[in-house]
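# Fold the following and give me the result.
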Amino acid sequence: MIPSFVITGYLGSGKTTLLLNAAKEHFSNKRVAVIVNEIGEVGVDGKVLQNAYSEVIELPEGCICCSLHAEFEKALDEIRQKYNPEVLLVETSGAAEPFPIIISLQALGCSVDGVICIIDSANFDKYKNDTTAKYQIGNSNILVLNKIDLLNPEDLERVEKEVKETWQIYNPVNTFTGERFYNNFVLYKTTYGKLPKDVFSGAYTIKDLKGIAESHEHEHTQNQKVITFLEPLDFKEFDEKIKNLPKEVIRVKGIVRFRNVPVPLLVNYAFGNLDLSQEIPDYNGPSFLVLISTSQPVS
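Alright, predicted model coming up:
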């Protein structure tokens, strides 16, 4: 059986950063394949991860827990046949729920060695009432409180308490027995998505599914707009536009070239915070940004 891990979490929580760190610290000597799912037609995470992992397959323009379910299973079968990886990692979109993915992985002969939900501790209050975010937490057995350096101890304690309560409520139910699917979970507190080796050691393998989780509505309320730039951007002008984005824009991702900066930079914006710390030196395509908004299309 191929050991696999599902990486889930809300928009901007730090899933790709977690995978980049894991590649360096835990998988440097292994053949690792990654399936990346992103909501829109242009994928950012796949381009970022291609230099870190043996094989990266992107599944854009849909959600692998519903509309792209068949495509996910096809991609998984292709990876197994062509690349025979030692480890498989699945990064879901911020709008996906993990449970259907666990079912597919097990049905196709993979051992699910952990479902990791990474939580943006600093901005948890801004998305904690989102139903998908709740199911992401409840469908996982490894909870990661990320960005803890941005919280004071009292707020961190409160967020931890709320995350644990959410897990208890949204832990899936076995429809045959009425029992909760997970007996327990582990919780890590970290910065920059860094995790210890034991997370990927197989210590948290998930039992085979017996029964179907309780059903619920799963709606996608995010909209996307892609902007492409043919020339390098002026940093001051870019920074000013980011600061004045409409309030409905909750996430901006992309790879951008700036004037007087020798390499393209990864743009990460979520909940009012901009991060340009990651260089993408091998990217040769045009600069682009993906803007994700709630409810209404981005104008």
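
# Residue ranges of each domain in the chain, please.
Using automatic domain parsing, the domain ranges for the chain come out as 2-200, 222-294.

# what's next to the top helix by length along the chain, contact-wise?
Taking residue count as the measure and DSSP state H as the definition, the longest helix of the chain comes out as helix 153-170. Helix 153-170 is contacted by residues 119, 121, 124-125, 128, 134-135, 137-140, 143, 145, 148, 151, 185, 187, 189 when judged by CB atoms under 8 Å, 6 or more residues apart in numbering. All C-beta spots, glycine's among them, are computed from the backbone N, C-alpha and C.

# Work out the sheet partners of the helix or strand following it and label each with its direction, please.
On the C-terminal side of helix 153-170, the nearest following helix or strand under DSSP states H and E is strand 186-189. In the sheet containing strand 186-189, the strands it pairs with under DSSP bridges are strand 142-146 (parallel).

# contacting residues around the partner strand?
Residues contacting strand 142-146 (CB under 8 Å, 6+ apart): 9, 13-14, 18, 114-121, 137, 156, 159-160, 163, 167, 185-193, 195, 199, 204.

# Compute the inter-axis angle for the longest helix of the chain and strand 142-146.
Taking axes from the mean of the first three to the mean of the last three CA atoms, to 10 degrees, one finds helix 153-170 and strand 142-146 inclined to each other by 150 degrees.

# So which residues of the stretch 101-250 of the chain form strands?
Remark: strands assigned in the stretch 101-250 of the chain by DSSP state E, counting those that start in this stretch are 110-120, 142-146, 186-189, 222-229, 249-256.

# follow-up on the earlier one: in ChimeraX, select just the buried ones from the contacts of helix 153-170.
The command below creates a ChimeraX selection of those among the contacts of helix 153-170 that count as buried (16 or more other CB atoms under 10 Å):
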select :119,121,124,128,134,135,137,138,139,140,143,145,148,151,185,189
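
# What is the neighbour count of the spatially closest residue to residue 94 that is not a sequence neighbour?
Spatial nearest neighbour of residue 94, excluding adjacent residues (CB to CB, 6 or more residues apart in numbering): residue 11 at 3.5 Å. The tally of other residues near residue 11 (other CB atoms under 10 Å) stands at 23.

# Confirm residue 11 sits in a helix?
No. According to DSSP: H, G, I helix; E, B strand; the rest coil, the state of residue 11 is coil, so it is not within a helix.

# I'd like the distance between it and residue 2.
28 Å (CB to CB, to the nearest Å).

# got any ranges where the stretch 1-150 of the chain has weak pLDDT?
Residue ranges of the stretch 1-150 of the chain with pLDDT under 70: 38-48, 50-52, 54, 58-69.

# SS state for residue 77?
Bear in mind the rule, three-state DSSP; under it residue 77 is helix.

# isn't it right next to residue 108, touching?
Yes. Counting by CB atoms under 8 Å, a contact exists between residue 77 and residue 108, whose distance comes to 6.5 Å.

# what about residue 236, how many neighbours?
By other CB under 10 Å, the residues close to residue 236 number 10.

# can you redo the strands of the stretch 101-250 of the chain as JSON lines with distance to residue 94?
JSON lines is the format used below for the strands of the stretch 101-250 of the chain (distance: least, CB to CB, whole Å):
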{"stretch": "strand 110-120", "distance to residue 94": "10"}
{"stretch": "strand 142-146", "distance to residue 94": "13"}
{"stretch": "strand 186-189", "distance to residue 94": "20"}
{"stretch": "strand 222-229", "distance to residue 94": "8"}
{"stretch": "strand 249-256", "distance to residue 94": "7"}
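
# between these, which one is nearest to residue 238?
With CB to CB, the closest approach to residue 238 among the strands of the stretch 101-250 of the chain belongs to strand 249-256: 7.3 Å.
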